[in-house]
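1. heads up, no residue letters with this:
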């Protein structure tokens, strides 16, 4: 076993810096996609919740019954 210090060639340093740069770019891309997915899903869920509330209100008005929150308030 040799105890001499290992000398790194210039090309290895360049390759390492390129790999680090590429890793940062790929990591940024993954974070961007995750952020876009999160925003899309939360907007979609909000729209679905609003649509559901409108449908429930329309059904309650059509049948002449109160919504679940107002019936709970009157029963207390």
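-> Now that the structure is in, tell me what you want to look at. Since we're looking at a predicted model, the values are computed, not measured.
2. where does residue 69 land on pLDDT?
-> Here, the pLDDT recorded for residue 69 equals 57.
3. Could you report the distance from the residue nearest in space to the middle of the chain to residue 31?
-> Centroid-nearest residue in the chain: residue 38, 2.3 Å away (criterion: C-alpha atoms, centre = their mean). Note on residue 38: its distance to residue 31, by C-beta to C-beta, to the nearest Å, is 10 Å. All C-beta spots, glycine's among them, are computed from the backbone N, C-alpha and C.
4. Repeat that for residue 58.
-> Separation of residue 58 from residue 31 (C-beta to C-beta) stands at 41 Å.
5. helices and strands of the chain: which one bottoms out on pLDDT?
-> Of all helical and strand segments in the chain, the minimum by mean pLDDT, DSSP states H and E falls on helix 68-75, at a mean of 53.
6. and the longest helix for this structure?
-> helix 10-63 (DSSP state H).
7. Pull the distance from that one to the chain's centre.
-> 4 Å (C-alpha atoms, centre = their mean, to the nearest Å).
8. Counting by contacts, list what it packs against.
-> On a contact count with 3 or more C-beta pairs under 8 Å, 6 or more residues apart in numbering; DSSP states H and E, helix 10-63 meets no helix or strand.
9. So what's the model's average confidence on that helix?
-> Here the average pLDDT along helix 10-63 is 92.
10. ok so, going back, the residue nearest to the centre of the chain and residue 17: what is the separation?
-> 32 Å.
11. again with residue 46
-> 44 Å.
12. Residue 51 too?
-> Plainly put, residue 51 is 51 Å away from residue 17 if you go by C-beta to C-beta.
13. Please apply the same query to residue 24.
-> Look at residue 24 and residue 17: by C-beta to C-beta, they are 11 Å apart.
14. helix/strand/coil for residue 7?
-> With DSSP: H, G, I helix; E, B strand; the rest coil as the basis, the three-state label of residue 7 is coil.
15. returning to what we had before: can you pull the contacts of the residue nearest to the centre of the chain?
-> Listed by C-beta atoms under 8 Å, 6 or more residues apart in numbering, the contact set of residue 38 is empty.
16. now stretch 6-17, how far from the centre of its chain.
-> With C-alpha atoms, centre = their mean as the basis, the mean position of stretch 6-17 lies at 38 Å from the chain mean.
17. Great, nothing more from me.
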